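Visitor: no sequence on hand, only this structure:
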């Protein structure tokens with residue numbers, strides 16, 4: 001009997017030993033893990049300027065984060081940008097935090113550092129019991145350049161007059177290479193392009209515009225940003241001319257709705273209403289907005305080269321049936337049901353009249369687009385484009401290079417229209433502007449070409465010096 005008890009006790013000891021061995025093995029495997037923290041900060045930057053921020057995440061999914069430390073080092077002196085320590089979860093080898101999102105101000109000037117070469121140093125450790133309880137460490141060192149001086153901007157054009165819904169142009173010189181520059185009109189930004197003035201790559205031209213809703217008092221300035229994120233804002237003299245636009249009443253009848261609505265696809269805009277009028281309301285709001293975005297996106301394909309020259313060509317023998325920025329009120333059975341702005345010219349001639357390219361350029365869009373029907377967009381360079389809609393046929397394709405007067409297609413009734421005509425639009429970067437200005441040779445000379453010619457003469461006289 002005693003021998004049996006001793007045998008049973010021996011087995012319990014062995015079992016207990018095995019349990020202890022398993023637990024110790026598990027602890028050794030989990031608490032002594034060797035995977036270092038992952039540093040997911042944005043380290044693509046080569047320069048740090050006055051607007052610099054350090055963003056990203058640091059994580060350790062196994063034993064948890066112990067410490068993250070980030071500093072800028074110049075002349076052997078560390079200036080700490082970010083430092084944080086996390087405790088364990090109460091048991092050695094395991095932390096309570098496994099990921100940390102970092103978004104901190106990294107302005108070197110605020111740290112007292114001067115411009116020049118520096119080191120960005122990052123250290124992250126975890127709660128692993130490895131390395132004599134110090135944990136696993138990830139260390140990164142990156143050489144960067146501190147640049148806190150913003151670029152200089154000199155405005156070279158003079159007397160900038162622009163109307164509501166109209167276009168203006170500014171030429172300006174920057175003192176250093178910039179990553180982005182252009183004209184800010186309220187919240188809208190119009191990029192500038194170099195290359196217009198041969199031999200002066202630091203001189204930029206930017207077309208800018210006011211929408212039909214922007215009026216006197218709108219803030220306008222040139223801004224330039226360098227690779228380090230330093231930003232300069234330079235104001236310039238400008239005068240905004242207010243403009244009143246026409247109000248128009250349009251009656252919507254069942255015959256028009258029954259003829260047009262079935263062909264318009266409203267499925268992409270949510271639940272399909274049960275009546276043609278309600279479908280039309282969706283088309284006139286949601287589809288119109290989406291179609292405008294599609295056409296205006298062509299501005300992103302513009303080339304930094306001025307293709308156009310002289311007055312823009314209007315549809316020959318045409319009369320205007322609707323104007324730019326007409327404020328349209330739509331009525332159904334005597335009740336106003338909607339209102340929108342008409343952002344182009346409706347030009348009517350003979351049925352299926354040939355449509356000429358208004359000026360030289362490259363076709364950047366040629367597709368069917370909702371309410372506008374068969375549409376072509378031509379890039380004239382530097383963010384200036386023209387659009388042609390409702391055409392019955394299109395003779396060009398994307399990538400075609402056109403001269404002024406080349407046939408683009410024929411007028412028609414495609415899209416949400418009732419009669420044969422051309423909807424003609426002018427675009428500056430990402431907004432529709434008043435095409436009438438571009439049909440006026442005197443306006444083009446006074447507001448665009450003479451200003452750029454004057455800058456060209458000034459640059460030739462001074463050799464590009466201030």
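Guide: Cool, the structure landed. Given the structure is predicted, the values throughout are model-derived calculations rather than measurements.
Visitor: buried ones in stretch 330-338, by neighbour count?
Guide: Using 16 or more other Cβ atoms under 10 Å as the test for burial, stretch 330-338 gives 330, 332, 338. All C-beta spots, glycine's among them, are computed from the backbone N, C-alpha and C.
Visitor: likewise for stretch 35-52?
Guide: Within stretch 35-52, the residues scored as buried using 16+ other Cβ under 10 Å are 36-37, 39, 41, 45, 47-50, 52.
Visitor: go on, stretch 186-201?
Guide: For stretch 186-201, by 16+ other Cβ under 10 Å, it's 188-197, 200.
Visitor: same list (those) but as TSV, adding pLDDT and secondary structure.
Guide: Shown next, in TSV, are the buried residues of stretch 186-201 (pLDDT from 0 to 100; DSSP: H, G, I helix; E, B strand; the rest coil):
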residue	pLDDT	secondary structure
188	96	strand
189	98	strand
190	98	strand
191	98	strand
192	98	coil
193	97	strand
194	96	strand
195	93	coil
196	96	coil
197	96	coil
200	96	coil
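Visitor: which one of these is nearest to residue 84?
Guide: Closest to residue 84 out of those is residue 189 (36.1 Å), distances taken as Cβ to Cβ.
Visitor: re earlier: which ones among the buried residues of stretch 35-52 map onto helices?
Guide: Secondary structure from DSSP state H places none of these in helices.
Visitor: in strands, which of the residues you listed appear?
Guide: Of the positions in these, 39, 41, 47-48 sit in strands, assigned by DSSP state E.
Visitor: the nearest residue to residue 112 once chain neighbours are set aside sits in which helix or strand?
Guide: Leaving aside its sequence neighbours, residue 112 sits nearest to residue 79 (Cβ to Cβ, 6 or more residues apart in numbering; 6.8 Å). Using DSSP states H and E, residue 79 sits within strand 77-85.
Visitor: in stretch 391-411, which residues are buried?
Guide: Going by 16+ other Cβ under 10 Å, stretch 391-411 has these buried residues: 391-392, 394, 396, 400, 402, 404, 406, 408-411.
Visitor: can I get these in CSV including distance to residue 119 and pLDDT?
Guide: Formatted as CSV, these follow (distance: Cβ to Cβ, whole Å; pLDDT from 0 to 100):
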residue, distance to residue 119, pLDDT
391, 61, 98
392, 66, 98
394, 58, 98
396, 55, 98
400, 52, 98
402, 54, 98
404, 57, 98
406, 58, 98
408, 58, 98
409, 60, 98
410, 66, 98
411, 65, 98
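Visitor: pick out the most distant pair among those residues.
Guide: With Cβ to Cβ as the measure, no two of those lie farther apart than 392 and 404, at 22.2 Å.
Visitor: thinking again about what came up before, ok, so of the buried residues of stretch 35-52, who is nearest residue 375?
Guide: Closest approach to residue 375 among these (Cβ to Cβ): residue 45, at 40.9 Å.
Visitor: contact partners for the closest one?
Guide: 52, 144 (Cβ atoms under 8 Å, 6 or more residues apart in numbering).
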